[in-house]
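Novice: here you go, sequence then predicted model.
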Amino acid sequence: MVRRAISLAVLVWAIGFLWFVVALPRPADGVRTDAVIVPTGGPGRIARGLQVLDSGQAGKMLVSGVDPEVRPREFAAEFGVSARRMACCVTLGFVAVDTRSNAAETAKWVAQNEVRSLRLVTTDWHMRRAAGELDRMLPGHVTVIRDAVPSQPDLGTLFLEYHKLIASRAAGLADL
């Protein structure tokens, strides 16, 4: 009986990991949203967020989890953002230190800015966990479009992120 239960658990884990690896989220189409949210941490995320902003697919952008030592002027210079664009449309969030606090920082910013729809831009392997944390923090009337930045993750990254996703979902169930 115990052996079967363990075998079933291992099988479910293996199928889940295979699904996680094979079905990484994809980039979104050109749907317009009120805002674009970019948690820091992976290559291409901020560039993709700025591309969404510059193309008019979103009116404003929050970059969550920025290192407190980064100054807006430094950020603007590094990513080629004009002072005008920074002033009107780009908010740097300095509070978040992990995916869960990215979601909390985002939820607070969304409420302050009366955002009803947003585009979450993060790396493909990070998307499911980031979106899950965000879904738990945001009110139900806020629409979230998932816009994954394609990457070439190694097996170690995928293995770690899959287990973080399982832990995140388990924590979410415990909160119910």
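Specialist: Nice, thanks for sending it over.

Novice: just the buried residues of the helix or strand containing Ile15, please?
Specialist: For Ile15, the enclosing helix or strand under DSSP states H and E is helix 2-22. Judged by neighbour count using 16 or more other C-beta atoms under 10 Å, the buried positions of helix 2-22 are Phe20. (C-beta placed from N, C-alpha, C; glycine too.)

Novice: that one - contacts with which helices or strands?
Specialist: helix 155-175 (3 or more C-beta pairs under 8 Å, 6 or more residues apart in numbering; DSSP states H and E).

Novice: contact partners of the helix it packs on?
Specialist: 16-17, 20-21, 99-100, 125-126, 128-129, 132-133, 136, 153 (C-beta atoms under 8 Å, 6 or more residues apart in numbering).

Novice: show me these that map onto helices.
Specialist: Gly16, Phe17, Phe20, Val21, Thr99, Arg100, Arg128, Arg129, Gly132, Glu133, Arg136 (DSSP state H).

Novice: count of neighbours near the last one?
Specialist: The burial metric for Arg136, expressed as a neighbour count using other C-beta atoms under 10 Å, is 16.

Novice: just the pLDDT for it.
Specialist: Among the per-residue scores, Arg136 holds a pLDDT of 95.

Novice: what's the answer for the second one, then?
Specialist: The model reports Phe17 with a pLDDT of 97.

Novice: check the spacing between the closest residue to it other than its chain neighbours and Ala103 real quick.
Specialist: Excluding the flanking residues, the one nearest Phe17 by C-beta to C-beta, 6 or more residues apart in numbering is Tyr162, at 5.3 Å. Per C-beta to C-beta, to the nearest Å, Tyr162 is found 19 Å from Ala103.

Novice: out of those two, which sits in the more crowded spot?
Specialist: Each of Tyr162 and Ala103 has its neighbours counted (other C-beta under 10 Å); Ala103 has more, 25 against 20.

Novice: quick check: the more buried one touching Ala131?
Specialist: No - in this structure, Ala103 is not within contact of Ala131 by C-beta atoms under 8 Å, at 9.1 Å.

Novice: hmm, back to that, of the ones in helices among the contacts of helix 155-175, which pair is most distant in space?
Specialist: Val21 and Arg136 (24.2 Å; C-beta to C-beta).

Novice: and for Leu118, the neighbour number?
Specialist: Going by other C-beta under 10 Å, the residues that sit close to Leu118 add up to 26.

Novice: same for the helix or strand encompassing it, what does it pack against?
Specialist: For Leu118, the element it lies in under DSSP H and E is strand 117-123. Counting contacts by 3+ C-beta pairs under 8 Å, 6+ apart, strand 117-123 is packed against strand 33-39, helix 45-54, helix 127-137, strand 143-149.
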